[in-house]
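Chemist: Give me a 3D structure for the following:
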Amino acid sequence: MGDDHMTNHTIGVTGATGALGGRVAARIARLGMSQRLIVRDINRAPEYPGSSAAMAAYEDTEAFERACRGVDTLFLVSATESEDRVDVHLSAVDGAIKAGVSRIVYLSFLRAGPAATFTFARTHFFTEAHIRSTGVRHTFLRPSLYLDLLPDWVDHGGVVRGPAGEGRVAWVSRDDVADVATAVLTDPMTTLSSDNATYDVTGPEALSLGAAVDRLSTLTGRPVRYVPETREEALESRRGGGAPDWAVEGWVSSYEAIASGELDVVAPTVPELTGHPAQSIEGFLRRHPSALSHVAV
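Modeler: Here you go, the predicted structure:
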């Protein structure tokens, strides 16, 4: 499993038109490695030297099997949240195994478990369990909440509302998650050491939601504040948009997972696997100075 193995190694990348999979595909391309981009819309697939594209939906096991033929390692980005998300994931895993994929790197979520407070984290647990049951070599990446999405939690009036209490979370940037995934997928030594391993992937500092938005306000000069809600208030405020109950429960439970302390994790994975520190809120805003441009001054 040295350089010769990696030279002939084909990496399958799902979600290559998305925010995370697209970052990983671009990084693999810069390394000059062979990859198969598995997408739902072939016309949107990025074009890189040494890459090919195949069209398949996760829920179409046969199509996914065809798309994975010739792939050694598959980077499986979790599907968009849905009521049948577990079934969608299992279909893709089964297709990959039938195609002969020898290793799956799955993008999961921090503290995935059958009774996780964050309901979407439960689907990740059952996906991980199914991957383990197949006997395939695997690596599970469990990122915290994305730092890139923190500005979206702030409404136009500069308010974040939810039942997060004083719980803390170490928001992690998508760039850092992509760097970790790329190392696990492409670096020969990291590939060996990460077999059947699970990595928590977090930012450098755990903050309460109130402290995080105070930091946003100080750094941008825009008035941002956190307003606590009860569970009932949070559910009621989010039902008005017509979203299904499972989606509303998922959104609200993300705040509750913070309040419970389940996301109060700071892991050394980013610096250990990438060689650079995890991005802070300050670093993120330096790269994205207009992140809070929707908030009135």
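
Chemist: What about Pro223, how many residues nearby?
Modeler: 13 (other Cβ atoms under 10 Å). (C-beta placed from N, C-alpha, C; glycine too.)

Chemist: Sticking with it, tell me its helix or strand.
Modeler: Using DSSP states H and E, Pro223 maps to neither a helix nor a strand.

Chemist: Thought Ser217 was touching it, still the case?
Modeler: Yes: counting by Cβ atoms under 8 Å, Pro223 does reach Ser217; the two are 6.1 Å apart.

Chemist: what do the two both touch?
Modeler: Gly158 (Cβ atoms under 8 Å, 6 or more residues apart in numbering).

Chemist: Isn't Met108 up against Thr139?
Modeler: Actually, residue 108 is Ser. It isn't Met. No: under the criterion of Cβ under 8 Å, Ser108 makes no contact with Thr139, lying 9.9 Å away.

Chemist: who touches both of those two?
Modeler: Thr198.

Chemist: what sits against Leu66?
Modeler: That one is not Leu; residue 66 is Arg. Arg66 makes contact with 54, 56, 99 under the criterion Cβ under 8 Å, 6+ apart.

Chemist: How about the contacts made by the residue nearest to the last one when sequence neighbours are not counted?
Modeler: Leaving out its chain neighbours, the residue that sits closest to Ala99 by Cβ to Cβ, 6 or more residues apart in numbering is Cys68, at 3.7 Å. For Cys68, the contacting residues are 12, 36, 38, 54, 74, 95-96, 99-101, taking Cβ under 8 Å, 6+ apart as the criterion.

Chemist: Closest to Phe118 out of those?
Modeler: Leu74 (25.1 Å; Cβ to Cβ).

Chemist: Count the neighbours of the closest one for me.
Modeler: Leu74, neighbours per other Cβ under 10 Å, totals 30.

Chemist: ok, now the one 10 residues further on?
Modeler: Applying the criterion other Cβ under 10 Å, we find 13 residues in the vicinity of Asp84.

Chemist: try Ala206
Modeler: Neighbour tally, Ala206, other Cβ under 10 Å: 20.

Chemist: Filter the contacts of Arg66 down to the buried ones and hand me the PyMOL line.
Modeler: The buried subset of these, as determined by 16 or more other Cβ atoms under 10 Å, is captured in PyMOL by this line:
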select buried, resi 54+56+99
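
Chemist: any idea which of the contacts of Arg66 is closest to Gly250?
Modeler: For these, the nearest to Gly250 is Ala56 (25.7 Å; Cβ to Cβ).

Chemist: Quickly note the distance from that closest one to Val252.
Modeler: Distance of Ala56 to Val252, given as Cβ to Cβ, to the nearest Å: 33 Å.

Chemist: Understood, closing this out.
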